[in-house]
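# Next input, structure requested:
(one chain, ligands or ions: 2)
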Amino acid sequence: MTEPPARRLLLVHAHPDDESINNGATMAAYAADGAAVTLVTCTLGEEGEVIPAELAHLAADREDTLGAHRVGELAAAMKELGVADHRFLGGTGRYRDSGMTGTEQNHRPGAFWAADVDEAAAHLVEVIREVRPQVLVTYDPDGGYGHPDHIQAHRVAMRAVDLAGEAAFRADLGAPHTVAKVYWNRVPRSVAEERFRDLAAALPDSPWTATATVADVPGVVDDARVTTEIDGRARAGAKAAAMRAHATQIEVREPLFALSNGLAQPILDIEYYELVRGASGAAPGARETDLFAGLDLEGAHR
Ligand SMILES: CC(=O)N[C@H]1[C@@H](O[C@@H]2[C@H](O)[C@H](O)[C@@H](O)[C@H](O)[C@H]2O)O[C@H](CO)[C@@H](O)[C@@H]1O
Ligand SMILES: [Zn+2]
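Numbering: from 1, shown residues only. Ligands and ions are numbered 1, 2, ... in the order given. Purely as a prediction, here's the structure:
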């Protein structure tokens, strides 16, 4: 049996498209460098809006086949990033997209927001104990921007990290595993502000007439809270291609993109994180430039 790669990264996201927007360059860079990259997506994105007019029939209030379509978009995006291991939490379609906050979809049976956190976390414990990642990436407690599925993905991911390491929890799901480092997706406020200033110059050459704002960018925090930056500029093409693969949700005109709201925002090829569990591998006062910094990877195969 071949040994798994020494470095193993697990990312937990709410919908197909979040992984490419938040971590596309990071995922592509580590996959290209021989690390094992595993993505768990919690829903199929069934309640999303649809950008291309010719695909409007897929929408939840029409044929309700957008989820199946976005499974294909995600597979195409993973090919662009070179990521072979992507799964849906609890199996394809186990949890349904809950819709934007305050909508009636939040409370429909099967909605991820209505799921029991421990029950959902057990599905993720099984993945953690199989993959045995040293590093896990997910959202902050607000899910980056308050979407119910993002908040729930945070809760399930953090609960699963705790349970996966408990020997007394569900031995049937595999041997206990402690994730060494946990990160939340972040954007330093100074970077967001600078990129939106630059955006104004690029807007006339784009198909959009309006921009989002710094407040619309998920996970923006004061610079001091950002512990880690992954320079993915060498993977900018892969990230843009992966975002473009999510064609029902994202339009891309590099260096900009827009969601179905039509508000232009910058594509970030340097991706930022806040280390919330585990020890930093950087010198005091410096940012890490590697998610695996400080880890003893010798013999880290299982
Ligand atoms: C990036 C992200 O999390 N997208 C979610 C989000 O989609 C937004 C939603 O449809 C909103 O109404 C639009 O104005 C915005 O442009 C969309 O990005 O919520 C969807 C429904 O839960 C979800 O499917 C999509 O992945
Ligand atoms: Zn999302």
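
# For the helix or strand Ala120 falls within, list every residue counted as buried.
According to DSSP states H and E, Ala120 maps onto helix 117-131. Neighbour counts over helix 117-131 (16 or more other CB atoms under 10 Å) mark Ala120, Ala121, Ala122, His123, Leu124, Val125, Glu126, Val127, Ile128, Arg129, Val131 as buried. To be clear about C-beta, it is placed using only N, CA and C from the backbone, and glycine gets the same treatment.

# Can you tell me how far the closest residue in space to the third one that isn't next to it in sequence is from Ala77?
What that stands for is Ala122. Nearest non-adjacent residue to Ala122, counting by CB to CB, 6 or more residues apart in numbering: Arg170, 6.3 Å away. Arg170 sits at a distance of 32 Å from Ala77 (criterion: CB to CB, to the nearest Å).

# that older thread, and the residue nearest to Ala122, how far is that from Ala160?
11 Å.

# Find the residues that touch each one of these two.
Common contact partners of Arg170 and Ala160 (CB atoms under 8 Å, 6 or more residues apart in numbering): Ala122, Val125.

# Name the residue in the two with the higher neighbour count.
Ala160 (29 against 14; other CB atoms under 10 Å).

# Name every strand pairing with the helix or strand harbouring Tyr273 and say which way it goes.
Tyr273 belongs to strand 270-277 when assigned by DSSP H and E. Strand 270-277 pairs in its sheet with strand 181-188 (antiparallel), strand 228-231 (antiparallel), by DSSP bridges.

# Can you pull the residues of the chain lying near ligand 2?
Ala14, His15, Asp18 (CB under 5 Å from the ion).

# Can you check the pLDDT for the last one?
According to the prediction, Asp18 has pLDDT 98.

# dump the residue contacts of it.
Thr41, His150 are the contacts of Asp18 under CB under 8 Å, 6+ apart.

# Look up phi and psi at it.
phi -60, psi -40 (degrees, to the nearest 10).

# what's the angle between the worst-scoring helix or strand of the chain on mean pLDDT and strand 181-188?
When the helices and strands of the chain are scored by mean pLDDT, DSSP states H and E, helix 189-202 comes last with a mean of 95. For helix 189-202 against strand 181-188, the angle between stretch directions is 50 degrees (axes from the mean of the first three to the mean of the last three CA atoms, to 10 degrees).

# For the helix or strand following helix 189-202, give me every contacting residue.
Proceeding N to C from helix 189-202, the next assigned helix or strand is strand 220-221, under DSSP H and E. Contact partners of strand 220-221, identified using CB under 8 Å, 6+ apart, comprise Arg186, Val187, Pro188, Arg189, Ala192, Val214, Glu274.

# Quick check, Ala245 in contact with Ala76.
Yes - between Ala245 and Ala76 there is a contact under CB atoms under 8 Å: 4.0 Å.

# For Gly219, give me its contacts.
Asn22, Tyr139, Asp140, Gly144, Tyr145, Trp184, Asn185, Arg186, Val187, Tyr272.

# State the distance from it to Gly99.
21 Å.

# Repeat that for Phe292.
36 Å.

# What separation is there between the residue lying closest to Gly262 once chain neighbours are set aside and Phe257?
Nearest residue to Gly262, sequence neighbours excluded (CB to CB, 6+ apart): Trp208, at 6.0 Å. Note on Trp208: its distance to Phe257, by CB to CB, is 10 Å.

# what residues are shared contacts of those two?
Contacts common to Trp208 and Phe257, judged by CB under 8 Å, 6+ apart, are Ala264.

# the more surrounded of these two?
Phe257 (25 against 19).

# Looks like the more buried one contacts Ala264 (just checking).
Yes - between Phe257 and Ala264 there is a contact under CB under 8 Å: 7.4 Å.

# so how many other residues sit close to Gly24?
29.

# hang on, isn't it packed against Val83?
No - taking contacts as CB under 8 Å, Gly24 lies outside contact range of Val83: 9.6 Å.
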